[in-house]
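K.L.:
okay, sequence plus prediction incoming.
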Amino acid sequence: MMESLLTNVDWVEIGWASWDTLVMVGMSLLFSVLIGLPVGVLLFLTGKRQLLEQPVAYAILSFIVNVLRSVPFIILLIVMIPVTVMIIGTSLGVAGAIPPLVAGGAPFFARLVETSLREVDRGIIEATQAMGANVRQIIFGALLPEALPGIIAGITVTAITLVSYAAMSGVVGGGGLGDLAIRFGYQRFQTDVMVITVALLVVFVQLLQMLGDRLVLYFSRK
Amino acid sequence: MRYNQRLFVPYPQGVGQCLTEGLCSVIELDQVQKSYQVGGRAIPALQPTDLTIDTGEVFGIVGHSGAGKSTLVRLINLLERPTGGRVLVDGEDVTHYDAAELRAFRRKVGMIFQHFNLLSSRTVADNIAFPMKLAGIYSKAQIRDRVAELLALVSLTDQGNKYPSQLSGGQKQRVGIARALACRPSILLCDEATSALDPQTTQSVLRLLAEINRELGLTIVLITHEMDVVRRICDRVAVMDGGRIVEMGAVTDVFLHPEHPTTRDFVFESENVDRDELQQDFEHAAGRILRLTFRGESTYKPLLGHVARQSGVDFSILSGRIDHIKDTPYGQLTLSLVGGNLEQAMAEFEAADVHVEVVR
């Protein structure tokens, strides 16, 4: 019964594609957080009436983030090709998909970090200052720990966004489930492949959200 | 580097000269002022102000919101930078400290807040340990012992592993106090520390502050909009209005004989006196109306009957209260007097150290 319904589905292929998607999302999430977190902290600190208020630095940083965020991801994929070739050596496959994914994910995450830092009560920053903390101690001792639940929620949202971005990268030969869906599901009219890949993506997103919610709950002390 | 043995605190050059000899912190504001730039215009928050707060006293600053009291207290530990004037602590101009000196100075000035400002991500014990960890000069054992000591001081010994969200308001403020005391400061700044608490909890927090002041000799600067808080624990008080100090003096003086309209408002408000009602009572009363103020020992003397017999006046009591200002008992009575020898009665009152004010 299953066999007759899913004639075109090659499970080994699906398995590899799932793995590729996992690697793309995992790696791009890692780099998005590594880049986005400090950028988000800088955005917050240089913002209006904040610890290191720097209108010029804020304007420049904010502009770059906005530009990267306003370019539709499908365009960003294409625009990033020369840069990707420079960094990775190829713009194809799993590795080739990661730089454009980071270019899309990092600025997105940076804004989420900035927002969750703004949610931290100003009184807590003031109290920490009054204790004689320097800026570094305020960031690592008070701001980041207090904003941690928000930042984790931000990582979850970014991860889910990256899942859909990773699927899109199939268009430019990125690999993974999206690639499978486009090449077989769309171009060869194999609807069963399309259904399976979409179902897997849905399950993947659900799992990510559940994991994220659990972690937020665990770290929330409010 | 010079170390204070008792406080385990190294001082940057020139800081804490006074602290090494013991706790003594005189705070002097010398023509200190603060204005904020709003849309290119300077809005004054604090007019040029002179103020001296002595070692070991509890100094209250009272005022309505926007009167500048919050700015004033933040100028002491430089959370706000003055736009003019000098802030001297132990004779040193702290406005000229560089970043490192300022941080060392701030460790000697504890602060507690209206909304406690505890870190929600840290346990009670970790909150109290936080300033010591920031200082980076205490060993793990020192921190652990000090935290245990402070938890005991604020009666929260069993609550060390809880998170702030699991505590009541009063308990949170106790944690705030313990945290403020962690690095053994010589000054404690209280920013509306009891304004978010119910009356009963306020009492217990004020008792704790009084105890700390008495036993540790800390100088406490306290801002509030409740005259009752001032009455309970302050030695001296400054009343602020419109960014300036309008009245200042010993709490007993300011309380019993308020001069400035703002001060009168605060005092009447705290005594729950409805002035219109009082005025109506006065209209019904015959004869002269006097307000007598007793202070200290004379509060308990059976004076009224004695004076009435001696001078032959008859009296009726229009209003009155007996209470304490910090440790001083006081009474205030408004009487209407008829017949007899009024002059003699007034002389007798004054002879007994009672302040007499003729209302009508």
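P.N.:
That came through fine. Numbers count the residues shown, from 1 in each chain, chains lettered A, B, ... in the order given.

K.L.:
give me the longest helix you can find in chain A.
P.N.:
The helix spanning the most residues in chain A, taking DSSP state H as the definition, is helix A:11-46.

K.L.:
what residues are up against the residue at minimal distance from the centre of chain A?
P.N.:
Among the residues of chain A, the one closest to the centroid is A:T158, at 3.4 Å (Cα atoms, centre = their mean). Taking Cβ atoms under 8 Å, 6 or more residues apart in numbering or on different chains, we find A:T158 in contact with A:L29, A:S32, A:V33, A:G36, A:G105, A:F108, A:F109, A:L112. From N, CA and C alone the C-beta is placed, and that goes for glycine too.

K.L.:
for those, give me TSV that also has pLDDT.
P.N.:
Converted to TSV, the contacts of A:T158 look like this (pLDDT from 0 to 100):
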residue	pLDDT
A:L29	97
A:S32	97
A:V33	98
A:G36	97
A:G105	96
A:F108	97
A:F109	98
A:L112	97
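
K.L.:
what residues does chain A put near chain B?
P.N.:
Proximity of chain A to chain B, by Cβ under 8 Å from any Cβ of the partner chain, involves residues A:121, A:123-124, A:126-134, A:137, A:141-142, A:145-146, A:148, A:219, A:221-222.

K.L.:
which regions of chain A sit below the pLDDT cut-off?
P.N.:
For chain A, applying pLDDT under 70 flags the ranges A:1-4, A:222.

K.L.:
returning to what we had before: buried among the residues of chain A next to chain B? Make that a ChimeraX selection.
P.N.:
Only the buried entries of the residues of chain A next to chain B go into this ChimeraX selection, using 16 or more other Cβ atoms under 10 Å in any protein chain shown:
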select /A:124,126,127,128,129,130,131,132,133,137,141,142,145,146,148,221
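
K.L.:
tell me which of the residues of chain A next to chain B fall in helices.
P.N.:
Per DSSP H, helices hold the following members of the residues of chain A next to chain B: A:G123, A:I124, A:E126, A:A127, A:T128, A:Q129, A:A130, A:Q137, A:P145, A:E146, A:L148, A:F219.

K.L.:
which SSE is the nearest residue to the first one once chain neighbours are set aside in?
P.N.:
The reference is to A:G123. Excluding its sequence neighbours, the residue lying closest to A:G123 (Cβ to Cβ, 6 or more residues apart in numbering or on different chains) is B:N117, at 4.0 Å. Element membership for B:N117 (DSSP states H and E) is empty, with no helix or strand holding it.

K.L.:
and A:G104, by the same measure?
P.N.:
Going by DSSP H and E, A:G104 is part of helix A:93-118.

K.L.:
check what pLDDT B:I53 gets.
P.N.:
Confidence at B:I53, expressed as pLDDT, is 93.

K.L.:
run a quick neighbour tally on it.
P.N.:
Neighbour count for B:I53, taken as other Cβ atoms under 10 Å in any protein chain shown: 23.

K.L.:
list the contacts for it?
P.N.:
Counted by Cβ under 8 Å, 6+ apart, B:I53 has contacts B:V26, B:I27, B:E28, B:F59, B:T219, B:V221, B:R236.

K.L.:
settle this for me: the fifth one is touching B:V89, isn't it.
P.N.:
No: using Cβ atoms under 8 Å, B:T219 makes no contact with B:V89, being 9.7 Å away.

K.L.:
now residue 138: closest residue in space, sequence neighbours ignored.
P.N.:
Picked chain A for this. Nearest one to A:I138, counting by Cβ to Cβ, 6+ apart, is A:T128 at 5.1 Å.

K.L.:
that answer is for a different chain, and I need it for chain B
P.N.:
Using Cβ to Cβ, 6+ apart, the closest residue to B:Y138 is B:M132 (4.6 Å).

K.L.:
kindly report the same for B:Y163.
P.N.:
Among residues not flanking B:Y163 along the chain, A:R221 sits closest, at 4.4 Å (Cβ to Cβ, 6+ apart).

K.L.:
just the pLDDT for whichever residue of the stretch 151-300 of chain B sits closest to chain A.
P.N.:
As assessed by Cβ to the nearest Cβ, chain A sits closest to B:Y163 within the stretch 151-300 of chain B, at 4.4 Å. Predicted confidence (pLDDT) for B:Y163: 95.

K.L.:
swap in the one 3 residues further on?
P.N.:
pLDDT, the model's per-residue confidence, is 94 for B:Q166.

K.L.:
how near is it to B:A129?
P.N.:
Separation of B:Q166 from B:A129 (Cβ to Cβ, to the nearest Å) stands at 18 Å.
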